[in-house]
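> Got a sequence here, can you model it:
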Amino acid sequence: MSERNRQPAGERPAAAGAAASRVASAAALGGAPAGDAPTARPHPTARPITAADVRPRTPAITPDVATLPRRDAAPDPAARRSLIGLDRTALLAALGEIGVPAAQRKMRVEQLWSWIYQRGATDFAAMLNMSKALRTDLAAAFTLARPEIVARQISRDGTRKYLLRIAGGHEVEAVYIPEASRGTLCVSSQVGCTLTCTFCHTGTQKLVRNLTAGEIVAQILVCRDD
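Predicted coordinates for the structure are as follows:
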């Protein structure tokens, strides 16, 4: 016998007894002896996983894309067109539509620009530097109406939040935030929104359409008037 395999006679029975003990313990527990690979045994109540067991995670914010593509507001042929939001070129064209002589249009445009955007006029009758006949023609063809203020909220720090109703019965929001050296005005550019922010009324509505330039500028005039 080689020196490597030679063991004291008194140690062999103890080693054999320990191995037999491990086999007996594993058998009593229904498992495999230590050192052997375990055999996977199915749980008595186990069943295959089905699609019903998998619950999809719901995102915190679900973008509303059902209303796309966006649509512009459909003009009402019977309604008077608003001059709010028109630039000087568009005002020139509008004056031509009601027969203002070409030689007077540039001067009249500057008068209208001053009354609408600088003085905030809401009625053509207030434009006393124009003839009565011209004021009558303007009132018959156009309007300077503002969006309706549905609700106004004023916080302790002076922040003003407006809920405004525009053409078609749609509602949008504008918020004025005063600061020590300036003021910030947030206006809506769409009816509804895809972001669904819970703190914003506009975000609670589905996206319907983009606002016109006049509807955006009118929000600024409403807040300035107030």
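> neighbours of Met127, just the number please.
21 (other Cβ atoms under 10 Å). Just so you know, the C-beta spots here come from the backbone N, C-alpha and C atoms, and that holds for glycine as well.
> residues of stretch 169-184 that come out buried?
170-176 (16 or more other Cβ atoms under 10 Å).
> cool, and stretch 185-194?
187-188, 190-194.
> Return the subset of those residues lying in strands.
190-191 (DSSP state E).
> Now the buried residues of stretch 185-194 in CSV, please, with extra columns for pLDDT and distance to Ser131.
Formatted as CSV, these follow (pLDDT from 0 to 100; distance: Cβ to Cβ, whole Å):
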residue, pLDDT, distance to Ser131
Val187, 90, 35
Ser188, 88, 37
Gln190, 84, 40
Val191, 83, 38
Gly192, 79, 43
Cys193, 77, 45
Thr194, 77, 49
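> Looking at the buried residues of stretch 169-184, which is nearest Lys161?
Val175 (4.9 Å; Cβ to Cβ).
> in its sheet, what does the helix or strand that closest one falls within sit against?
Assigning secondary structure by DSSP states H and E places Val175 in strand 171-178. Applying DSSP bridges, strand 171-178 is found paired with strand 160-165 (antiparallel), strand 183-186 (antiparallel).
> what is the rounded mean pLDDT of the last one?
Strand 183-186 shows a mean pLDDT of 90.
> what does whatever helix or strand Gln153 lives in contact?
In the assignment (DSSP H and E), Gln153 maps to strand 148-154. Around strand 148-154, the neighbours that count as contacts under Cβ atoms under 8 Å, 6 or more residues apart in numbering are 160-165, 171, 222, 226.
> now do 7 Å
160-165, 171, 222 (Cβ atoms under 7 Å, 6 or more residues apart in numbering).
> angle of that strand against strand 171-178?
Put simply, strand 148-154 runs at 40 degrees to strand 171-178, going by axes from the mean of the first three to the mean of the last three Cα atoms, to 10 degrees.
> on that earlier part again, how about the strands paired with strand 171-178, which one is nearest Val208?
Judging those by Cβ to Cβ, what sits closest to Val208 is strand 160-165, at 13.6 Å.
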